[in-house]
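S.K.: Just the structure for this:
(one chain, ligands or ions: 1)
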Amino acid sequence: MGDTILITGGAGFVGRHVARTLLDRGHRVRALDGLIAQVHPRGERPADLDPEVELLEGDIRDAAAVRRALAGVDKVVHLAAEVGVGQSMYAVDRYTSVNDYGTAVLFQQLIDQPVRRVVVASSMSIYGEGLYRTVDGELRQDVVRGRRNADGSWDPLDASGRPMIPAPTPETKAPTLKSVYAINKYVQELLTLTLTAQYGMEGVALRLWNIYGPGQALSNPYTGVLAIFASRIANGHPPMVFEDGRQRRDFVHVADVARAFALALEEPMATGEAFNIGSGEDRSVEQVARLQAASMGRSDLEPLITQQARAGDIRHNIPDLTKARTLLGYAPQQDFSDGLAELAEWVASQESEDRVVEARNELEMRGLVL
Ligand code: UD1
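M.R.: Numbering: from 1, shown residues only. Down below sits the predicted model:
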């Protein structure tokens, strides 16, 4: 028989996909979710949350709600969090409260009602800049992003002023916490790995790269870049690309992420470990903007390159997936162009409001655009 698994934040984009994957594997799924307005504008059960998921509405900081949600549970997937890197730089109290205090409340309850395993969603953001290679082939772990270069370029430079090249980042790279969100996520990871070990539970952290796929919160201007671009393009506006658009990321399909969670819940070797989870392919943000406009039949919408950066943003970060492949048996399966086509089809069936300019003004007003 399967387990009973609690997903905190289980009504969100990632949670709904994880829930479906776990149900398919014969588990029972309960979700605890605050249905916050920025993500769930109508404040109701999302239509694409599988009907078999038992949804409890409640805040992760509410001890009584967490206690009820933990009753009879074997394992926990902890996803409940505020997720915008840019927004975290001004909504400091809200982010830290939900993300870190929320995790503390969860563990306070877990001490009395332990489960077998807790898998927490960490983030590549904790690395700060990823690993870099100089043109001479020397690997650099300690790159810190400074201001824009004097010649207007954006890539970090080596001691001789030559741009460095991003290299796949392994889990051994020391965290460099450059945003409130990154600080929050690292604390979540540490609380999970420390307290599970202390109290006889198993803990696993997944350091997730940029997740995309059907079900992303389209009208949330603080959501991931592909959902933001999709909603811009669907409303006939060009994607707004920060910096020079050459910053590189790894965009991973939510179905691959859901499989990673299923493996992290089951694999005995995963205990006490943190794993990078991505697609294994990196792309520039501008390239993705163009591919996405094409996939939505709007190649005419040329990306608008702003030459401005968001405070707290990382320049380049791409994952080394060796550890996840070896210890978790993780193997990304989704093809990126198929994923974009699927996203385009889903976006066409949705109403989305483009609130990006509004969100950008919020950052600008607070001096968070550089
Ligand atoms: C995202 C996630 C974060 C997750 C992290 C892991 C969201 C809101 N954030 O952060 O939770 O932990 O990935 O990788 O999902 N950009 C533009 N134009 C825009 C918006 C963004 O050019 O309109 C650029 C950004 O400057 C950045 C890149 O796109 O260079 C990615 O931004 P974003 O999708 O917000 O992701 P992260 O900040 O990496």
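S.K.: What segments of the stretch 51-200 of the chain are strands?
M.R.: With strands called from DSSP state E, counting those that start in this stretch, the stretch 51-200 of the chain shows them at 54-57, 75-78, 117-123, 131-133, 139-140, 165-167.
S.K.: nearest spatial neighbour of His27, skipping sequence neighbours?
M.R.: Excluding its sequence neighbours, the residue lying closest to His27 (C-beta to C-beta, 6 or more residues apart in numbering) is Gly2, at 3.8 Å. In this view, the C-beta of every residue, glycine as well, is placed from N, C-alpha and C.
S.K.: Doesn't the one you found lie inside a strand?
M.R.: No - according to DSSP: H, G, I helix; E, B strand; the rest coil, Gly2 belongs to no strand; its state is coil.
S.K.: For the ligand, which of the strands of the stretch 51-200 of the chain is the nearest?
M.R.: Nearest to the ligand among the strands of the stretch 51-200 of the chain is strand 117-123 (3.1 Å), distances taken as C-beta to the nearest ligand atom.
S.K.: List the buried residues of stretch 276-294.
M.R.: 276-280, 282-286, 288-294 (16 or more other C-beta atoms under 10 Å).
S.K.: quick one: secondary structure of Asn276?
M.R.: Assignment for Asn276 (three-state DSSP): strand.
S.K.: Excluding covalently adjacent residues, which one is nearest to it?
M.R.: Nearest one to Asn276, counting by C-beta to C-beta, 6+ apart, is Pro319 at 4.0 Å.
S.K.: so how many other residues sit close to the one you found?
M.R.: Per other C-beta atoms under 10 Å, the neighbour tally for Pro319 reads 28.
S.K.: which bits of the stretch 151-300 of the chain sit near the ligand?
M.R.: Within reach of the ligand by C-beta under 6 Å from any ligand atom, the stretch 151-300 of the chain has these residues: 208-210, 222-225, 228, 240-242, 247, 249, 285.
S.K.: would you turn the strands of the stretch 51-200 of the chain into TSV with distance to Asp24 and mean pLDDT?
M.R.: Converted to TSV, the strands of the stretch 51-200 of the chain look like this (distance: least, C-beta to C-beta, whole Å; pLDDT from 0 to 100):
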stretch	distance to Asp24	mean pLDDT
strand 54-57	17	98
strand 75-78	15	99
strand 117-123	17	98
strand 131-133	35	97
strand 139-140	40	96
strand 165-167	35	96
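S.K.: quick one, which of those strands is nearest to Gln188?
M.R.: Gln188 lies closest, by C-beta to C-beta, to one member of those: strand 117-123, at 5.5 Å.
S.K.: Nice, that's everything, thank you.
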